[in-house]
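K.L.:
give me coordinates for this.
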Amino acid sequence: MPSSIHNAQPDVRSSTPAGLIIKIVESEEERLKAMLIRAIVYMHEQKCPFDEEFDLNDHTATQVVGLIAGEPVLTARIRYFNGFAKLERLAIRIEYRGRGYARHLLTFLLHICRQKGFSRFYLHAQVQLESFYSSYGFRKAGTHFAFSDHGYTEMVMEEDAPVVQPSAHIGFQPMLLNRPENNFHTAGPLEHRPGNLLQQLIWAGAVA
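P.N.:
A predicted model of the protein is given here:
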């Protein structure tokens, strides 16, 4: 049975290798670091044109960045559709590959999606990475295609049911749905203010 946001598993940053912090972008500096990683990996290393790498979706997606002592190491973004979440722009700087960071990044992305109630995940995998995603439970969907001179495969992973059901809080615990991204298990600023809590109790009929 899906759990509530309140009972969701805590932030998976605690399970990453020592020194590596994977987090949702929270500042313009972190956003710049995420974009720089993509420029290094996709534009410089893979020769992807600027207008194919950066688009308007960067303004609406959930951006993720990985840092070691403040140095940008890896990045990805997530977009949300009706019934599934799409993982995009996964990138790790070449000098940090081979350390298992990709698995930690993918685990983090799936964790974010599950917190939002998603149980179906979709991505475009470069052909040489199909086996990596298959090891996580992704399967091929559709045919191979290409863009920016690289071959890709559509891949999908489906779970039996959502791990978390955010809609369970509608009409019951509205303040939980105000909590910051990836911190659904922790009371947010609006819940810490005594005046807000008292007003909620009055409206709920718990205080005369």
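K.L.:
can you show me the strands along this structure?
P.N.:
With DSSP state E as the criterion, the chain has strands at 20-24, 62-68, 71-81, 84-92, 120-126, 139-147, 150-158.
K.L.:
now do the buried residues in the longest helix along the chain.
P.N.:
Counting by DSSP state H, the longest helix found in the chain is helix 101-115. Under the neighbour-count criterion of 16 or more other Cβ atoms under 10 Å, helix 101-115 has 101-102, 104-106, 108-115 buried. All C-beta atoms are positioned from the backbone trio N, CA, C, and that covers glycine.
K.L.:
and that helix, what's its mean pLDDT?
P.N.:
If you average the pLDDT over helix 101-115, you get 95.
K.L.:
pLDDT weak spots in the chain?
P.N.:
Along the chain, the parts satisfying pLDDT under 70 run over 1-16, 182, 184, 192-208.
K.L.:
report the central residue of it.
P.N.:
Nearest residue to the geometric centre of the chain (Cα atoms, centre = their mean): L109, 3.5 Å.
K.L.:
ends of stretch 115-130, how far apart?
P.N.:
In terms of Cα to Cα, to the nearest Å, the two terminal residues of stretch 115-130 are separated by 25 Å.
K.L.:
ok, residues contacting that stretch?
P.N.:
Identification of contacts with stretch 115-130 by Cβ atoms under 8 Å, 6 or more residues apart in numbering yields 2, 5, 8, 80, 83-88, 90, 110, 113, 132-133, 138, 140-141, 144, 150-167, 182, 184.
K.L.:
what's the ChimeraX line that selects buried ones from those?
P.N.:
The ChimeraX selection below is limited to those of the contacts of stretch 115-130 classed as buried (16+ other Cβ under 10 Å):
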select :2,5,8,84,85,86,87,88,90,110,113,133,138,152,153,154,155,156,157,162,163,164,166,182,184
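K.L.:
and the buried residues of helix 101-115 as CSV, adding distance to F121?
P.N.:
Shown next, in CSV, are the buried residues of helix 101-115 (distance: Cβ to Cβ, whole Å):
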residue, distance to F121
Y101, 19
A102, 15
H104, 16
L105, 14
L106, 10
F108, 13
L109, 8
L110, 6
H111, 11
I112, 11
C113, 6
R114, 9
Q115, 13
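K.L.:
which one of the residues you listed is nearest to A34?
P.N.:
L105 (11.9 Å; Cβ to Cβ).
K.L.:
and which of the buried residues of helix 101-115 is nearest to E26?
P.N.:
Among these, and counting by Cβ to Cβ, the member closest to E26 is I112, at 13.5 Å.
K.L.:
residues in contact with P180?
P.N.:
P180 makes contacts with G188, as judged by Cβ under 8 Å, 6+ apart.
K.L.:
alright, that wraps it up for me.
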